[in-house]
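Predicted model and sequence below, questions to follow.
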Amino acid sequence: MSANPRARLTKSTRFTISLKTREMLAAYAFLAPFMAFFLVFVVRAVVEAVRMSFYDWHILRPSRPYIGIENYLELVNDDVWWIALQNTIVFTALTVIGTTIVALAAAVAVTRPIRGQNFFRVLLYTPGLLSVGAVGLVWVWLLNTQFGIVNYGLSFVGMRPVNWLGDPGLVIPSLSLTSIWWGFGFPMLIFIAGLQGIPEQLYEAARIDGGGSADLFWYITLPLLRPTILFVTVTGVIAHFQVFGQPFIMTNGGPGRSSYSVIFYLYQIAWTAFRMGYGAAVAVCIAVIMAALTSVQFLVLSRRIEY
Amino acid sequence: MKPERSILPQHTITYVFLTLLGLFVVFPMLIAVSQSFMTNQEVNRWPPQIIPTEPTLASINAVLTQQDLRLDLWLRNSLIAATGYTAAVLLLCAPAAFAFARLRFPGNNLLFGFLLITIMIPSQVTLIPNYLLMRDLQWLDTFNALVFPGAANVFGVFLLRQFFIQVPTDLEEAAVLDGAGYFGRFWHVILPLSRNALTALGIFVFLFHYNDLFWPFIVTNSLETRTLPVGLAILNSSYAGQYRPMVLSGAVLSSIPILIVYIIFQRQIIQGITLTGMGGR
């Protein structure tokens, strides 16, 4: 590995190409594999999706006439789309709020100076490792009206059996509950990292001034965690807006269309009705909504807060 | 200095809360395990049985031997696909991140800015065109379809660039004096010093892919090529109506491998996910 005179020699003879050019060529060589994949599977795909959304493109029909914005007009008047969008928004709101609260409480508890910190941290993250398949299969059964454990538990407080996944008004909150169980571990880890970044002296000073635990939480922890809370909620919105597995496995969108999500509807259009053009229009609309949500994230997160 | 960890009475509320939350987390899994050892009749009973009166391996056997269920193959497929995907992401992203972090070339910032903007484009918009491309390439039902379309992971480039920038440049300068070229700097200096970051990103994308449902569902369609999450969805739709313990057994069995890995590598997995989730900050 040490200085090799022959290597130096070849280097100096090649000096006809300037160092700058060589660095540039090297950079492009390093970038080439990634960019090749990126161009084919991202750039091409996005452009193609937008193009397809202007065609009546059915996978089984050879003719694919250009129909302008017809797909988008259909979408505006598509009741199912609006139901799916509304379901998705309600699901996202419930799940993000629930996940954030549970994750924050768990993170605060787990970072107290107690024994078994690590045990609880590892334990509480466990559901996050499971696949949506396993989670869905188990929770469908827990929430079963007739024989489910959840209704069994509630019977002790005198509640009659609840049709969690079959009641149009309850199905989205039920899927939300499942998703909170499944997903609170990840934001918990982010919150733990955020909490560990808060200097202990701040708490000591506040305690000397006579602050109780509640004061410490409201006046030190929460304000200092603000950037982390924003990060968790906004990334949570983006993640949960894409919900697919839970309705797909647990309810198949039902009862009726009460648990259609936008991605579930995209799946229905493109892979059960095979309407690729219309599906592309739906995908583009989902993308625009999510890009708007992400822009909000960048705007909010780029406001750095210093203390 | 950290205060000493204790089990003082002042922490009673913390312990109560953590125990309740722990039960909330563990209970569904325990029920699933317990009811996997039950018969069909025992599961469909009110009040629900928590502990099997006569534990039986019947449903576990059934889920492993049914002709239309191939848990073993699905697990193998999931592992191969997730490993291949992770390797592809690292092999594509690390060199690109090195170029963005260390090399001067016209358009560096412009190109990186463009990539960052595309993070905002959700992958769903690429689903239909990429699906049709897979079909035209005759990649449906192959590992290629599971590995390559998502391999150009912009987030991976972003994350690794963050780490590479933090590697002190004097180490590379020393390597250059020793005759290292661009590849030598990347391979012998940057990569070994970023092992933690590469592991973290690797764990993150592996778990993401291992648990992905939508894409594997649409690009595979024969029994032998499904992945585990897709297989579980099929198991559920075919058997949940009549053979609940089988469905629960499938969920439990399919989760065991990842849980064993978690128990062994808990520290690395937790750190990796935290590091990646924070975007390398």
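That came in fine, so what should we check first?

For A:Phe184, which residues are in contact?
A:98-99, A:102-103, A:106, A:124, A:127-128 (CB atoms under 8 Å, 6 or more residues apart in numbering or on different chains). For the C-beta atoms, the positions are set from N, CA and C on the backbone; glycine is no exception.

Could I get those residues in a markdown table, plus columns for distance to A:Arg226, pLDDT and secondary structure?
Formatted as a markdown table, those follow (distance: CB to CB, whole Å; pLDDT from 0 to 100; DSSP: H, G, I helix; E, B strand; the rest coil):
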| residue | distance to A:Arg226 | pLDDT | secondary structure |
| --- | --- | --- | --- |
| A:Gly98 | 19 | 97 | helix |
| A:Thr99 | 17 | 96 | helix |
| A:Val102 | 19 | 96 | helix |
| A:Ala103 | 15 | 96 | helix |
| A:Ala106 | 19 | 95 | helix |
| A:Leu124 | 23 | 95 | helix |
| A:Pro127 | 27 | 94 | helix |
| A:Gly128 | 24 | 92 | helix |
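
Excluding chain neighbours, give the residue nearest to the closest residue to chain B within the stretch 1-150 of chain A in space.
Going by CB to the nearest CB, chain B is nearest to A:Gly133 of the stretch 1-150 of chain A, at 3.0 Å. What sits nearest to A:Gly133 in space, not counting adjacent residues and going by CB to CB, 6 or more residues apart in numbering or on different chains, is B:Leu232, at 3.0 Å.

now swap in A:Gly128 and tell me
Nearest residue to A:Gly128 in three dimensions, chain neighbours excluded: A:Gly185, at 3.6 Å (CB to CB, 6+ apart).

Next to chain B, which bits of the stretch 201-307 of chain A? Give me the list.
A:238, A:242, A:244-245, A:248-249, A:263, A:266-267, A:270-271, A:276, A:279-280, A:283-284, A:286-287, A:290-291, A:294-295, A:298 (CB under 8 Å from any CB of the partner chain).

neighbours of residue 34, just the number please.
I went with chain A, as the question did not name one. 26 (other CB atoms under 10 Å in any protein chain shown).

Let me rephrase: I mean chain B.
There are 16 residues near B:Ser34, going by other CB under 10 Å.

tell me which element it falls in.
Assigned by DSSP states H and E, B:Ser34 falls within helix B:12-36.

Other residues contacting the helix or strand following that helix?
For helix B:12-36, the following helix or strand on the C-terminal side (DSSP H and E) is helix B:40-43. Under the contact criterion CB under 8 Å, 6+ apart, helix B:40-43 has outside partners A:147, B:35, B:49, B:52-54, B:59, B:242-245, B:248.

Looking at those, which two lie furthest apart in space?
B:Thr53 and B:Gln242 (21.1 Å; CB to CB).

which residues of chain A score low on pLDDT?
Residues of chain A meeting the criterion pLDDT under 70: A:1-16, A:297-298, A:300-307.

any idea which residue sits dead centre in the chain?
Going with chain A. A:Ala239 (1.2 Å; CA atoms, centre = their mean).

hmm, I had chain B in mind actually
B:Leu207 (0.7 Å).

does that residue count as helix, strand or coil?
helix (DSSP: H, G, I helix; E, B strand; the rest coil).

What is the burial count for the spatially closest residue to it that is not a sequence neighbour?
In this structure, B:Leu207 finds its nearest non-sequential neighbour in A:Leu129, 6.8 Å apart by CB to CB, 6+ apart. The tally of other residues near A:Leu129 (other CB under 10 Å) stands at 19.

Repeat that for the one 5 residues further on.
The local packing of A:Ala134 (other CB under 10 Å) involves 27 other residues.

Look up how far B:Cys93 lies from the residue of the stretch 1-150 of chain A closest to chain B.
28 Å (CB to CB, to the nearest Å).

which secondary structure element contains A:Arg226?
Assigned by DSSP H and E, A:Arg226 falls in helix A:222-241.

you'd agree A:Ala270 is up against A:Gly277?
No. Applying CB atoms under 8 Å, one finds A:Ala270 not in contact with A:Gly277, separated by 9.5 Å.

Local confidence estimate at the residue nearest to A:Gly133?
Per-residue pLDDT puts B:Leu232 at 90.

likewise the one 3 residues further on?
B:Leu235 is assigned 89 on the pLDDT scale.

what's it sitting at in phi/psi?
The phi and psi values for B:Leu235, taken as degrees, to the nearest 10, are phi -50, psi -40.

Quick check: which ranges of the stretch 1-150 of chain B have low pLDDT?
Low-confidence segments of the stretch 1-150 of chain B, defined by pLDDT under 70: B:1-9.

And the helices in it?
B:12-36, B:40-43, B:58-65, B:71-102, B:108-119, B:124-136, B:143-147 (DSSP state H, counting those that start in this stretch).

closest one to B:Thr227 among those?
helix B:71-102 (4.4 Å).

Can you give the distance of the closest one from its chain's centre?
11 Å (CA atoms, centre = their mean, to the nearest Å).

In contact with the residue nearest to A:Gly128, which residues are there?
A:103, A:124-128.

any chance of these in JSON lines, with distance to A:Thr111 and neighbour count too?
Formatted as JSON lines, those follow (distance: CB to CB, whole Å; neighbours: other CB atoms under 10 Å in any protein chain shown):
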{"residue": "A:Ala103", "distance to A:Thr111": "12", "neighbour count": "25"}
{"residue": "A:Leu124", "distance to A:Thr111": "12", "neighbour count": "25"}
{"residue": "A:Tyr125", "distance to A:Thr111": "14", "neighbour count": "22"}
{"residue": "A:Thr126", "distance to A:Thr111": "18", "neighbour count": "19"}
{"residue": "A:Pro127", "distance to A:Thr111": "20", "neighbour count": "23"}
{"residue": "A:Gly128", "distance to A:Thr111": "18", "neighbour count": "22"}
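
from the residues you listed, which single one is nearest B:Leu18?
A:Leu124 (8.1 Å).

So that closest one is in contact with A:Met188, correct?
Yes. Between A:Leu124 and A:Met188 there is a contact under CB under 8 Å: 6.2 Å.

shared neighbours of these two, which are they?
By CB under 8 Å, 6+ apart, the residues touching both A:Leu124 and A:Met188 are A:106, A:110.

pLDDT below threshold where in the stretch 151-281 of chain B?
Using pLDDT under 70, the stretch 151-281 of chain B drops low at B:279-281.

Next, find the distance separating the residue nearest to B:Leu207 from A:Trp182.
From A:Leu129 to A:Trp182 the distance is 10 Å (CB to CB).

before we move on, what about A:Gly116?
Distance from A:Gly116 to A:Trp182, by CB to CB: 23 Å.

got it, and A:Glu204?
From A:Glu204 over to A:Trp182 (counting by CB to CB), the distance is 37 Å.

Then B:Ile13?
26 Å.

between the two, who's got more neighbours?
A:Trp182 (24 against 12).

pretty sure that one contacts A:Val132?
Yes. Because the distance of 7.3 Å satisfies CB under 8 Å, A:Trp182 is recorded as touching A:Val132.

B:Leu160 and B:Leu91 touch, don't they?
No. At 11.7 Å, B:Leu160 and B:Leu91 do not qualify as touching, with contact defined as CB under 8 Å.

more crowded one of those two?
Comparing B:Leu160 with B:Leu91 by other CB under 10 Å, the one with more neighbours is B:Leu160, at 29 against 12.

Residue of chain B closest to chain A, please.
For chain B, CB to the nearest CB, closest residue to chain A: B:Leu232, 3.0 Å.

all helices of the stretch 101-250 of chain A, in order?
Counting by DSSP H, counting those that start in this stretch, the helices of the stretch 101-250 of chain A are A:117-125, A:132-142, A:149-155, A:171-183, A:185-196, A:200-208, A:213-216, A:222-241, A:245-246.

Using JSON lines, lay out those together with distance to B:Leu64.
Shown next, in JSON lines, are the helices of the stretch 101-250 of chain A (distance: least, CB to CB, whole Å):
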{"stretch": "helix A:117-125", "distance to B:Leu64": "28"}
{"stretch": "helix A:132-142", "distance to B:Leu64": "16"}
{"stretch": "helix A:149-155", "distance to B:Leu64": "25"}
{"stretch": "helix A:171-183", "distance to B:Leu64": "25"}
{"stretch": "helix A:185-196", "distance to B:Leu64": "29"}
{"stretch": "helix A:200-208", "distance to B:Leu64": "52"}
{"stretch": "helix A:213-216", "distance to B:Leu64": "51"}
{"stretch": "helix A:222-241", "distance to B:Leu64": "33"}
{"stretch": "helix A:245-246", "distance to B:Leu64": "24"}
